[in-house]
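[1] Got a predicted structure here, sequence first:
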Amino acid sequence: MKKRISLIVLATTMMVSVLSACGGKDGSTGTASQESGGTNQKTLRFATWDTGDALKIEQDIAKKFESDHPGTKVQVEAYADGFDQKLAAGFGAANPPDVMYMWDFPTYHQSLEPLDSFADKDKDLNIDDFYKGLFNYGKIDGKLYGIPAGFTTRVVYYNKKLFDAAGIPYPKDGWTWSEFQEISQKLTDKSKKQYGFGARAENDTYDLQGFVWSNGSSFISPDGKTIEGYMNSKETAESIQMFGDMVKNGSAVLTGGKGQQSGDDIFKAGKIAMWESGIWPLESFKQAGIDVGTVEIPAFTGKPVKGVLAESALSIAKDSKQKDLAWEFVKYYVSNESIKMRVADLPVRQSVVNELKKDQDPLYKPYYTMLERSDNTPAFLLNPKWNEVNRQLSAAVEAVMHGGNAQEVLNQAVKDSERYLK
Amino acid sequence: MNIHWLYRRIWSGSYRSIRTKLLFCFLIVTLIPLLSLGAVSYYQSARIINSQFGKYGENAVAQLEQQTSSSLSRMKQLSETIYSYLLDPARTDLGNRAPVSYNEIIEKNDFEALLKSLRTDKTAGIYIITPSGYYYGENNLDVTKLGSIPAWKEKPSSYQGIYWLGFYMQNHAMTSAGDPNLPVLGLAVPIHNSNGAQDGSTILIEENAQELLHMFRLFEKDTKAHLTIKAADGRIVYQSASAFTPKDSDMIWDRTLAVSQWTLEARLPAKAFYLSSGIIRSNTIVVAVISCLLAFGLAYIFSSRFTDRIRSLKDSMQKVSFGKLDTRMPIEGRDELGSLDMSFNRMVSGVQTLVQEVEQSERLKKEAELKAFHYQINPHLLFNTLNSIQWKARLEGAEDIRQMLYHLTMVLEGNLDISQELITLGRELRMIEHFLKIQEIRYGDVFRYELHCEEALKRYLIPRMTLQPLFENIFFHGFTDGIGLIELGVREEKEELLLTLKDNGAGISAEKLERLFIPGPKRRGRGGLGVQNADQKFKLHFGPEFGLTVHSTKGEGTTIIIRWPKREERSDGYSKED
């Protein structure tokens, strides 16, 4: 009996100590590690500069690709503003994304995989369906580095309501810059803080090339070696001075500079009647309730209108470990199916355009007519040092917008840029 | 008063019972190790947990400090880089107004390219705001909205050095586009450069604070602590959202950020800090209470089993004491209590037989007393009558009859005096003389009687009326008409006496001799009754090893030998001599 009692005592005391030991553990439990991914799963990295709705569409495309290719995960890396920085870092570390959006082929083509062999072998791509001019941008030294994914040309948007209010007929294709300036003057009402046109305080010189070309000039000689007499030619200066003058005489307002709203926002607010841009803001204009119309870029009297093409392409990194899979993704990205999903870009395939009858829609037609006019080669494709030159050119253009004399500052810019071309 | 009452309660009957003692004993034996173990394990684990939690909190705060510090140092470094760039005399074209000339724009673009290159993932904004309202940096700043930064306005205009704006929402963007509610950490550095164009401008650096605030919130959630960050001037930079009243008892982890001289203080109410050890304590107490109850229950059951048996034994004893001698204990188990029960049963049955014997002997004694009383009445009548006869015989001159009556009276006197069981040998011999005198008168002087007994032996004791029946046997069975020789010898043999009674009478047949000592109701005739009685008397008085032996040969006589220990009359008058 005594033995039994002492056993019970022992058992209970052990129970107490065990229980308190258990209690002691409570505090220290916590962090559970998460191991991700199976070993069989392949991950394809895709870098994009898009954000917002455009990014969401791209993620949806990636998901569709994943469901069509079991065992593959597409990691969409949205670099946004830091795109160039991050891409350069990725290439530098030999750890770039497999597939990426690309436009600046002269800078990056050495890190990219030539795609000619893929494109030639793969009949599924149906290369003839693409708009011909688009391939020029992705070619360096005759080698293809990017498959066109989307593009836009530039048009003039106009606010139909403001035109109606002023009793001015809507502009038509084939109009001239003098008509443009006239209309702009008429639609300016400073008491309402309303302007005929919005001029960018800080222009991307790339976008200005269309105007320069339309005036029969260019920033650089066709062989890419000379800027003297091109960048500072009378025609070039004239086409840029035109906007400076409009700001000066008050028929245009400066946009997008320090303390200034962006042109898109002002147009959305109905405070500028005309706005020149690519297709990007069209959806937002519609959403803002603006009755918007599009028209071709005006012409310099007696000269043919020229357009400039902003193209985005998909490229495959040279360091990618899974180029075949990357190619599959690129191919899928430019397939009819995914082109239809991407509404922020203009379709690169003629078949899609025909199917959707985009070229017959008056709102979209100008983009395609402008595409036909975009057969000049942009400066950055002609000279690999263009980025250096561009700094001076940008400053000169900005100075013009702030009241500078275009011819003088362009001369200065040419003078300062010459050393980069030697 | 109370203590006295308690004392009395404890020592009053119910608390003094064996059960209570056993219960106390068990409880003490159980509870002391139990409670001490429980207490030790509680204190130890509580101490470990408290110190671990304390260290954890300290580490967590240190981590917060480190993360915040790294953000702050990065921003400070950034501001220093920009500051030194601006102090460079070559940057004179960087004016404090909107640049319009080509050269100014080139400078601005270069500077902004630098600012852009200085940006990291976490940078939310880098701006140099000139007094004119113009600023350098990304074109998304609305200078008029800078007032929405709480600390921006509070900043003294002539402030020297770096000024930490703390955490705030970055909602000074030009448009509503983007995230209007991005929490940022801000740093403002007023530029003092009396010769330069940028004198009076302010460098504003903002870093995304989402991660940092997320960490703070995680820390708060994790530790339930209240976090406060104060600037050196006492301004509260950050404070946990939860309501909190600081107390002196709070557990405090604090750190000072070297970069900004901010003090980071995490306060945890003592109650929350000791929560986990409190849980251990309550667990321990619950288990201890359960174990106590268990121990109490077990002790109660055990002690009641134990004391119930004792109690039933006690009850049985009480019954026995009330005279119920047929009470018996059931034997449960073979332990000490079982054997106690067994002994009790044995004892009670012993007592029972004893009582029965005593009852029997008491009854016999009463009967004997009654008989004796009865006898005592008769002798008086007998003696009186005999004396009357004797007197009458003397008057009649019948001397023989008078003689016979005298001797008979003497014999009867010895025979009927039952007050003494042991008498001296001399007295017994004298009574035999009287008996023989009667026989002599009856038969005439035809027999011879020889007595060999030393005078010294006559003082030893012999049971009363032992010899007379033997003599009677001789006369009635041994001799014919009283003719014969009787020899009586007494001698001592060490501590014993040896009496030999020898006659030359008819003797006893062997068959008869055999039956002589067998008691039984079927005996016939008188012969032998005296022998057996005498033998019984000796055995009764002196022990079974003493008594008579009879040797006899048919036709030649009989010898009876009696052996008994020497015993003298005691002075207390156990047996008296006349």
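    Ah, there it is. Residues are numbered from 1 along each chain as shown, chains lettered A, B, ... in the order given.
[2] Contact residues of the stretch 251-400 of chain A facing chain B?
    A:256-262, A:265, A:391-392, A:394-396, A:398-399 (Cβ under 8 Å from any Cβ of the partner chain). The C-beta positions use only the backbone N, C-alpha and C, and glycine is treated the same way.
[3] Which ones among those map onto helices?
    In helices, judged by DSSP state H, the following of those are found: A:Asp265, A:Arg391, A:Gln392, A:Ser394, A:Ala395, A:Ala396, A:Glu398, A:Ala399.
[4] And the furthest pair within those?
    Greatest spatial distance in those: A:Asp265 and A:Gln392, 29.3 Å, computed using Cβ to Cβ.
[5] Need the pLDDT of B:Phe542.
    With respect to pLDDT, B:Phe542 scores 86.
[6] wait, B:Arg464
    Per-residue pLDDT puts B:Arg464 at 83.
[7] Give the burial count for it, as a bare number.
    B:Arg464 has 21 neighbours, counted by other Cβ atoms under 10 Å in any protein chain shown.
[8] Please verify my assumption that it contacts B:Leu425.
    No: counting by Cβ atoms under 8 Å, B:Leu425 is not a contact partner of B:Arg464; they are 11.1 Å apart.
[9] Setting aside sequence neighbours, what's the nearest residue to B:Pro150?
    Sequence neighbours aside, B:Tyr168 is the residue nearest to B:Pro150 in space, at 5.9 Å (criterion: Cβ to Cβ, 6 or more residues apart in numbering or on different chains).
[10] For B:Gln439, give me its contacts.
    Contacts for B:Gln439 (Cβ atoms under 8 Å, 6 or more residues apart in numbering or on different chains) come out as B:Phe447, B:Phe475, B:Gly482.
[11] Against B:Ala209, how distant is A:Lys161?
    Using Cβ to Cβ, to the nearest Å, A:Lys161 is found at 43 Å from B:Ala209.
[12] just the helices in the stretch 301-422 of chain A please.
    In the stretch 301-422 of chain A, the helices defined using DSSP state H, counting those that start in this stretch lie at A:323-333, A:336-341, A:350-356, A:365-372, A:379-382, A:386-401, A:406-417.
[13] Mean neighbour count, those: which tops it?
    Among those, helix A:386-401 has the highest mean neighbour count (mean count of other Cβ atoms under 10 Å in any protein chain shown), at a mean of 23.
[14] I'd like to know which elements it is packed against.
    helix A:205-214, helix A:234-249, helix A:379-382, helix A:406-417, helix B:102-118 (3 or more Cβ pairs under 8 Å, 6 or more residues apart in numbering or on different chains; DSSP states H and E).
[15] Pull out the CA atoms of it and give them to me as CSV.
    Provided in CSV are the C-alpha atoms of helix A:386-401 (Å, rounded to 0.1, in the frame of the first residue of the first chain):
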residue,chain,number,x,y,z
TRP,A,386,23.0,58.7,-79.8
ASN,A,387,22.1,58.6,-76.1
GLU,A,388,25.1,61.0,-75.4
VAL,A,389,24.0,63.3,-78.2
ASN,A,390,20.5,63.2,-77.0
ARG,A,391,21.4,64.8,-73.7
GLN,A,392,22.3,68.0,-75.4
LEU,A,393,19.4,67.8,-77.8
SER,A,394,17.0,67.3,-75.0
ALA,A,395,18.3,70.3,-73.1
ALA,A,396,18.1,72.4,-76.3
VAL,A,397,14.6,71.4,-76.9
GLU,A,398,13.7,72.2,-73.3
ALA,A,399,15.3,75.6,-73.6
VAL,A,400,13.2,76.3,-76.7
MET,A,401,10.1,75.5,-74.7
